[in-house]
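[1] Whatever this is, show me its structure:
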Amino acid sequence: MNTIRLSATSARNKFFELLNQVAQGTQVIIEKDNKEIAVLSPRKTKTDWKALRKALKKTNGILKDYTVDELLPLRKKGAWKRIGHVIKGLP
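    As a prediction, this is how the structure comes out:
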């Protein structure tokens, strides 16, 4: 993939030309004050199912060692009452 770097002012002035280049597969990096602020890249129309399946296998079992109460402490009975007392005690 080809990459073009240009200033924000130049990108503003050549916006439609840049869109045509992006449609052809070119990536455009827009800079302001010598810092990257935006990237125009072609839209991916295809989902990479193999990469998604691989990522899901890596995350399998992460949350199985925790209960719902440990993950969401405000769901415990009486949790909101305790928060109310804490809030009332604040200046």
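
[2] Helices of this structure, start to end?
    Applying DSSP state H to the chain gives helices spanning 8-13, 15-23, 49-59, 68-71, 79-88.

[3] can you tell which of those helices is closest to N2?
    Nearest of the helices of the chain to N2, taken as CB to CB: helix 15-23 at 8.3 Å. The C-beta positions use only the backbone N, C-alpha and C, and glycine is treated the same way.

[4] what residue ranges in this structure score low on pLDDT?
    Across the chain, residues meeting the criterion (pLDDT under 70) sit at 61-75, 82, 84-91.

[5] domain ranges for it?
    Taking automatic domain parsing as the reference, the chain has its domains at 3-40, 49-88.

[6] Make TSV out of those and add mean neighbour count.
    Below are those laid out as TSV (neighbours: other CB atoms under 10 Å):
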stretch	mean neighbour count
domain 3-40	13
domain 49-88	9
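
[7] wouldn't S41 be in contact with I30 here?
    No - contact between S41 and I30 fails when scored by CB atoms under 8 Å: they sit 11.4 Å apart.

[8] List the contacts of the nearest residue to N2 once chain neighbours are set aside.
    In this structure, N2 finds its nearest non-sequential neighbour in T26, 4.6 Å apart by CB to CB, 6 or more residues apart in numbering. Counting by CB atoms under 8 Å, 6 or more residues apart in numbering, T26 touches M1, N2, T3, I4, P42.

[9] And those residues, which is closest to V22?
    Distances from V22 to those, taken by CB to CB, are shortest for P42, at 5.7 Å.

[10] is it true that the closest one touches A23?
    Yes - taking CB under 8 Å as the definition, P42 is a contact partner of A23 at 6.9 Å.

[11] of all the helices of the chain, which lies closest to I37?
    helix 8-13 (6.8 Å).

[12] contact partners of that closest one?
    Against helix 8-13 from outside (CB under 8 Å, 6+ apart): L18, V28, I30, E31, K32, I37, A38.
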